[in-house]
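Enquirer: Got a sequence here, can you model it:
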Amino acid sequence: MIEELGVSLDFLEFPPAHTCHGENLSPKISLKGLKGASIVIMVFDTSIRNCLSFTPWIIWNIPAQPVIPAGIPHGRIIISPVSAIQGTNDTGQIGYTGPCPRPGESHRYVFRVYGLDEEIDLYGGSTKYQLNAAMQGHIVQYGMTDAVCTR
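Expert: Below you'll find the predicted structure:
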């Protein structure tokens with residue numbers, strides 16, 4: 001049985017620092033009731049037309065901790081401010097790509113967070129499809145939150 005995981009951001013609307021119009025920094029993510037051994041984060045922009053799962057960030061093997069700090073740098077293997085592995089997002093980059101709607105548009109980003117029973121054996125730069133396959137049988141918790149970006 002998959003248990004609920006509390007997930008929250010410090011905002012409902014993206015501040016410029018977390019968008020392509022600012023510093024493009026990954027946001028701080030707070031978790032409540034975490035019991036898993038490692039964390040996976042997958043972010044989806046649900047406002048992209050003709051695409052059900054545009055994914056601007058995937059990251060896994062984050063040690064279980066109640067706060068994922070902001071500003072995780074790009075790269076396949078991260079050692080600071082947390083240790084983690086990142087995959088190739090749908091913009092073709094490795095790491096976080098913040099919201100970048102066109103003028104007059106509003107985009108909704110969904111942050112899906114999974115608590116796993118262990119770290120998964122998956123190389124940096126992998127895709128969301130490979131990550132989904134590797135997580136199967138290891139998910140013990142799940143939670144989500146969202147935020148919007150309007151330009």
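Enquirer: in what helix or strand does A134 lie?
Expert: For A134, the host element (DSSP states H and E) is helix 128-135.
Enquirer: Over to F111?
Expert: For F111, the host element (DSSP H and E) is strand 106-116.
Enquirer: quick one on the thing from earlier: residues in contact with the helix holding A134: which ones?
Expert: With contact meaning C-beta atoms under 8 Å, 6 or more residues apart in numbering, helix 128-135 is reached by 40, 42, 53, 55, 58, 60, 87, 89-90, 114, 116, 120-122, 126. All C-beta atoms are positioned from the backbone trio N, CA, C, and that covers glycine.
Enquirer: sorry, back to before: may I see the buried residues of the strand holding F111?
Expert: Burial within strand 106-116, assessed by neighbour count using 16 or more other C-beta atoms under 10 Å, is assigned to H107, Y109, F111, R112, V113, Y114, G115, L116.
Enquirer: Who are the contact partners of the nearest residue to the last one once chain neighbours are set aside?
Expert: Read it as L116. Computed as C-beta to C-beta, 6 or more residues apart in numbering, the closest residue to L116 that is not its neighbour in sequence is H138, at 4.4 Å. Contact analysis of H138 by C-beta under 8 Å, 6+ apart lists L116, D117, E118, I120.
Enquirer: Low-confidence stretches in this protein?
Expert: 49-52 (pLDDT under 70).
Enquirer: go with 50
Expert: Within the chain, no range satisfies pLDDT under 50.
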